[in-house]
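>>> The following block contains a protein sequence and its predicted model.
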Amino acid sequence: MPEGGESDTTRLLIAWSQGDQQALDRLMPRVYDELRQIALGYLRREREDHTLQTSALIHEAFLRLIDQQQVSWRNRAHFLGIAARMMRRVLVDHARHQGYVKRGGDQVRVALSDANAPIAQRPPYLVALDEALQELEQADPQQAHIVELRYFGGLTLEEIATVLDVSVSSVTRKWRLAKAWLYRTLEQHA
Amino acid sequence: MIPAEQWQKIQQLFDELVELPPPARRLELERLDGSDAPLRAELEALLAANELAGDYLETPPNVASEAPLPSSPEPYRLLRRIGRGGSSTVYLADRADDTYRKRVAIKILEPGRADSDLLRRFRNERQILASLTHPYIAELYDGGSTPDGLPYFVMEYIEGLPVDAYCVQYGLGVTDRLRLFGRICEAVQHAHQSLVIHRDIKPSNILVTEDGTPKLLDFGIAKLLNPELAAPDLTPTVTWQRPLTPHYASPEQIQGQLITTRSDVYSLGVLLYLLLAGRLPEHRRHGELERVLTRETLTRETPRPPSLEVLQPASDPPGPSCPLELRPAALSRRLAGDLDTIVLKTLRKEPGRRYGSVEELGADLRRHREGRPVLARRDSLTYRAAKFVRRNRLVVAVASLSLAALITLSVFLALQSERWRRERDQARAERDKSSQMLQFMQGVFSQADPFTSGDAEPTALEILDRSVEALETLEEQPQVRLHLALTFAQIFLEQGRLQRAETLLREAHSLHRDQPDAEPALATEILGLLGIALRKQGKFEAAEATQQQALALRREVFGEDSLEVGWTWNDLAVIYRHQGRYAEAEALYLKFLELQQRRLGARDEAVGTTYNNLGTLYLSSFRYREAEEAYRQALDIRRRALGADHLYAAFSRANLALALIQRRRLTRAAPHLEQSREALQNIFRAEHPEVLRVDLLEAQRLRLLGNAAEAEARLRTLLDRVPASPASRNDPRSRIRWELAFVHQQQGELEAAEALVRSILDDRRRTLGEQHPQTVLALDRLAEVKLHQRDWQQALSLQQAALEGLERRFGASHPRLAVSLSRLATAHFELGTWDQAEPLFRRAQQLAAGNPDRQPDADSEILARHGEALLSQQRFSEAEPLLQQSLEALAPAFAGDHPLIQSRRAALERCRRSS
């Protein structure tokens, strides 16, 4: 476990939830490191039949970093919020490190047969997704954040509404457009 | 980079539009199109993506799926993972040794999966791919085992989109979708011929590359049939073994029953349904196998025809959008009939009732594209006849009709006529009439039967003539006689046997008058056709009177605001145009246009027809810019409504090319000519007037580009191709000779040019009369040739006569007069009457300058004539700017080495040297 104990991380989370921005700055590296530890554990494994979704990893990180007794569901939502962002970074860094082809290079996607994965369910290239999200951030930061929470964090739309403190319908609308835009940008080639 | 405020606007509009049903959505989008076309395009793309996105990004990424790449099999280098399926993974790779740079896809069996069954299936796929070589099937290059001992094979790497996404992405219309689907059929057909059943045909297994080439992939569960066992169609195969999405699987596949090539026919049918209706058939839409299975076995329902499906509200799970170029109602009309029938035949539950092979399916689609009867409907004789009539309504060459075709044409044209069907109130009476007509035709036929009459097989024309004679025998059945007379009259009209058409129509008219209970609508039909027959004979006044009569009657029968009334305006406008009454014709067309747009919507096919007619009117009155615009509208509407290679679209495209050539947009005209030529030659024989017209335009274009020799060669070939016909108003040879005269003139062969122009002038005087604009234009041409011959006296008097005619027709200030005025001025000048010449030169320039349609070569000629006259008088300082301008006027239209530019430049240099 990185520097600071469980209770320390918990304290930071609560402080940040109450509006302490400095707490966030100290919280983030911890979450990143923890997620990276857990994720790399999986990424290093040789192919096995079961795989783990990032939402499970985040949950695992939450269990390991935070004292469950002390935090409310609201704190948990906030944790999931930054964890999703950190998850994005962990995965994208890893993908970059692996030298996956970048967007703008050879980006044409081949839909090779996968009976169980029609085009809309195949995972995007993470590096390309990351770059597209940076672009979306310029237009509407909250919208990019929603994608992060939904995709990397596996949060429900309701949970996202809680994290961002906006209405569920607003999240739903923004998610719908973001999804269409990303699909067009990443999967269709103008 | 998207600006934030733009993005906000997109978000807001997207939210509104996405909630609307598709028709309303399209309307809203069209409204946007006027104000902000890029925004509209962006929204359209996003809405389409929204339909396709489905569960995209809904599942968090799987960390283990980013696992390192396995060791590369020599000499390849794995680049990245591009797909996973079943028990293997596909990688993008290239060759590590530099022999060739081609990228490839390598499919590698996953470790720990090498149990005997999976291994067998993996090898099976490789073997199957090796046996298939087809441009639309992914090619197998190589195979072996990786250093880790995993079996792999190397395939063609395909950059493309799944076929459904491709259709949406590239906005393919019905025709293009059918063409693409036809290619997919070819690939599957090839597999079948190689005794392979694919068994997993679905969009994600068919990638389409950017240039529109489909590639069939994934033979992972395909079955290689043993040719020794039995005919491929009957060979049973084992049931499928791997879970597949059930949407595209045939019922027998789902139920684990015997699978034949017809199973692929079914899957292709589901795909075709998706491509045409934009959605899967309803019973295929819902996820799980069990439900499909239950529905398949327990219910006997057949899927909703695509033409009705597209009218359903889009509340169901989205599929790729249906062809967007049509509104739902128009799309539905396009799909109704052949396409419905073809799709439903592929989706029959019983394999035996589907198409026997993919080849049959492909052939039927081809027949549909060519407007020939499709086999799926072969049971219905009336259908075939209706098809025949539709296909042939523009084909003039009746002489080539087969006997049987003529009979069906004759009888069923009468039975199938839309208008009559609409008006008939008693189906029973109609059936009686039909069977009487059939009896009648059988009577004519038995007469014509060579075994009965002993003659050689009579020609279609003889049969038709005999039928007309036999009409007399129908005295007891005036209704039948009337309908047949009308039918035969239409055939005569199409054949150009106008006098006979007129006679029959007059007869039909009096038959109609004598029947107390005759439908008044029928009388308007007869009068309208009679009007056309008269107009085609050049009897304009009688034609007008007849159409006015039809108009009055239609107002009464159909109502003041009816389209029937509008069509009569159209027919009247055609007469006016032929008479040179351009303003009256224009007013009628514009009125009709307004009516149609109001009643049918702006995009209806019929609106395209009116735009096209309007374009022709503008062309006749030298308003080329407006003509171009009208033809563009016509082309756009027809392309959307009928498909890009439809005959009518091809007509409008050829017309557009003509307008562009008249405006001397010679380069821009070229692709339009080429495309219309291609579409027309698929429909007509090479000597058909429409094909000829396009070839003639190309010759004209070449001549204007300065290539007189090539133009002449083409025109001579055309003359050989066109059979000599009695001199008529539309004799194609006359139009070829008209163009040939220009070529001769350009080559300096002035006697040959004169002979041609004189004979054309004589023809026109005889058939059209002295006053007709076409005659006047021939006179004007003759004056021009005489001027080139330096026969100033003759040129002067001819030009004066022609100008009089032009003025009478177009008014004294029409821009078309300008170039003729300048020629008259030259004649005056050369004859020494400078005081007459100079004001004419000035007036010519004024008229030309006031013309919104710039005519580069005419403008240039006018300036050059004046300039050269001044030059001969040694008035260098006045001549030079005119000659300079005459050179500049050519620049937008002609290349620097064009003979015209060279001669203008020479004149300018002469002037500069002399001064």
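That came through, no problem. Here the structure is a predicted model, which means the values were calculated and not measured.
>>> What ranges in chain A fall below the confidence cut-off?
Low-confidence segments of chain A (pLDDT under 70): A:1-7, A:40-53, A:68, A:73, A:95-125, A:187-190.
>>> can we see that at 50?
Residue ranges of chain A with pLDDT under 50: A:1-4, A:45-50, A:99-123, A:189-190.
>>> again, but for chain B
In chain B, residues with pLDDT under 50: B:65-66, B:226-243, B:287-289, B:297-300, B:315-320, B:378-409, B:412-431, B:442, B:445-458, B:727.
>>> can you tell me the residue of it closest to chain A?
Relative to chain A, the nearest point of chain B is B:Gly83 (2.8 Å; C-beta to the nearest C-beta). Placement of C-beta: from N, CA and C, glycine included.
>>> what sits opposite that residue in the beta ladder?
For B:Gly83, the beta-bridge partners are B:Val90 (DSSP bridges).
>>> B:Ile106 is in contact with that one, correct?
No - contact between B:Gly83 and B:Ile106 fails when scored by C-beta atoms under 8 Å: they sit 11.0 Å apart.
>>> higher neighbour count, these two?
B:Ile106 (27 against 22; other C-beta atoms under 10 Å in any protein chain shown).
>>> Just the CA trace of the helix or strand harbouring the more buried one, in CSV.
Using DSSP states H and E, the element containing B:Ile106 is strand B:103-109. The C-alpha trace of strand B:103-109 is given here as CSV (Å, rounded to 0.1, in the frame of the first residue of the first chain):
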residue,chain,number,x,y,z
ARG,B,103,-0.6,-5.4,-44.2
VAL,B,104,-2.3,-8.6,-43.3
ALA,B,105,-4.6,-10.0,-40.8
ILE,B,106,-3.5,-13.0,-38.9
LYS,B,107,-5.9,-15.2,-37.1
ILE,B,108,-4.3,-17.2,-34.3
LEU,B,109,-5.9,-19.9,-32.2
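>>> The residue of chain B closest to chain A and B:Gln884, how far apart?
Computed as C-beta to C-beta, to the nearest Å, the B:Gly83 to B:Gln884 distance reads 67 Å.
>>> can you check B:Leu132 too?
68 Å.
>>> Which of those two has more residues huddled nearby?
With neighbours defined as other C-beta under 10 Å, B:Leu132 and B:Gln884 compare such that B:Leu132 has more, 20 against 16.
>>> Ramachandran angles for that one?
Dihedral pair for B:Leu132: phi -110, psi 130, per degrees, to the nearest 10.
>>> what kind of secondary structure is residue 154 in?
In the absence of a named chain, chain A is used. What DSSP: H, G, I helix; E, B strand; the rest coil gives for A:Gly154 is coil.
>>> that's the other chain; I wanted chain B
With three-state DSSP as the criterion, B:Val154 reads strand.
>>> How many residues are close by it?
21.
>>> Ok, the one 3 residues further on next?
Applying other C-beta under 10 Å, we find 23 residues neighbouring B:Tyr157.
>>> quick one: it and B:Ala105 touch, right?
Yes - the criterion here is C-beta under 8 Å, and B:Tyr157 meets it with B:Ala105 at 4.4 Å.
>>> any chance you could map the strands in chain A?
Here chain A has no strands by DSSP state E.
>>> just the helices in it please.
Counting by DSSP state H, chain A has these helices, from start to end: A:6-17, A:21-43, A:54-65, A:73-97, A:126-139, A:141-147, A:157-164, A:168-187.
>>> As CSV, those with distance to chain B and mean neighbour count would be great.
Shown next, in CSV, are those (distance: least, C-beta to the nearest C-beta, whole Å; neighbours: other C-beta atoms under 10 Å in any protein chain shown):
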stretch, distance to chain B, mean neighbour count
helix A:6-17, 22, 19
helix A:21-43, 5, 18
helix A:54-65, 4, 20
helix A:73-97, 6, 20
helix A:126-139, 4, 19
helix A:141-147, 7, 20
helix A:157-164, 11, 20
helix A:168-187, 4, 20
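>>> With distance to B:Thr59 as new columns, can these be given to me in TSV?
Converted to TSV, those look like this (distance: least, C-beta to C-beta, whole Å):
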stretch	distance to B:Thr59
helix A:6-17	27
helix A:21-43	16
helix A:54-65	9
helix A:73-97	14
helix A:126-139	13
helix A:141-147	13
helix A:157-164	15
helix A:168-187	12
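>>> And the ones you listed: which comes nearest B:Arg639?
helix A:168-187 (25.5 Å; C-beta to C-beta).
>>> Report the angle between the closest one and helix A:157-164.
100 degrees (axes from the mean of the first three to the mean of the last three C-alpha atoms, to 10 degrees).
>>> What is helix A:168-187 packed up against?
Applying 3 or more C-beta pairs under 8 Å, 6 or more residues apart in numbering or on different chains; DSSP states H and E, one finds that helix A:168-187 makes contact with helix A:126-139, helix A:141-147, helix A:157-164, helix B:4-19, helix B:37-53.
>>> how about the ones you listed in a markdown table, adding distance to B:Phe841?
Below are the helices and strands packed on helix A:168-187 laid out as a markdown table (distance: least, C-beta to C-beta, whole Å):
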| stretch | distance to B:Phe841 |
| --- | --- |
| helix A:126-139 | 63 |
| helix A:141-147 | 69 |
| helix A:157-164 | 79 |
| helix B:4-19 | 56 |
| helix B:37-53 | 46 |
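>>> I'd like the distance between the closest residue to A:Ser55 other than its chain neighbours and B:Leu504.
The shortest distance from A:Ser55 to any non-neighbouring residue, by C-beta to C-beta, 6 or more residues apart in numbering or on different chains, is to A:Gly154 (2.6 Å). With distances taken as C-beta to C-beta, A:Gly154 is found 79 Å from B:Leu504.
>>> Which of these two has more residues huddled nearby?
The neighbour comparison of A:Gly154 against B:Leu504 (other C-beta under 10 Å) goes to B:Leu504, with 27 against 23.
>>> what ranges do the strands span in chain B?
B:76-85, B:88-95, B:103-109, B:140-145, B:151-156, B:160-162, B:196-197, B:206-209, B:214-216, B:223-224.
>>> would you list those in CSV and tack on distance to B:His247?
Output for the strands of chain B, formatted as CSV (distance: least, C-beta to C-beta, whole Å):
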stretch, distance to B:His247
strand B:76-85, 16
strand B:88-95, 22
strand B:103-109, 24
strand B:140-145, 28
strand B:151-156, 25
strand B:160-162, 13
strand B:196-197, 18
strand B:206-209, 14
strand B:214-216, 18
strand B:223-224, 20
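>>> was I right about A:Ala77 contacting A:Val163?
Yes - in this structure, A:Ala77 is within contact of A:Val163 by C-beta under 8 Å, at 4.8 Å.
>>> who touches both of these two?
A:Leu155 (C-beta atoms under 8 Å, 6 or more residues apart in numbering or on different chains).
>>> residues in contact with B:Glu712?
So B:Glu712 contacts B:Leu740, B:Val743, B:Gln747 (C-beta under 8 Å, 6+ apart).
>>> Generate a PyMOL selection restricted to the buried entries among those residues.
Selecting only the buried entries of those in PyMOL, with 16 or more other C-beta atoms under 10 Å in any protein chain shown as the criterion:
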select buried, chain B and resi 740+743+747
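>>> ok, so of the contacts of B:Glu712, who is nearest B:Glu74?
Closest to B:Glu74, out of all of the contacts of B:Glu712 and judged by C-beta to C-beta, is B:Val743, at 66.4 Å.
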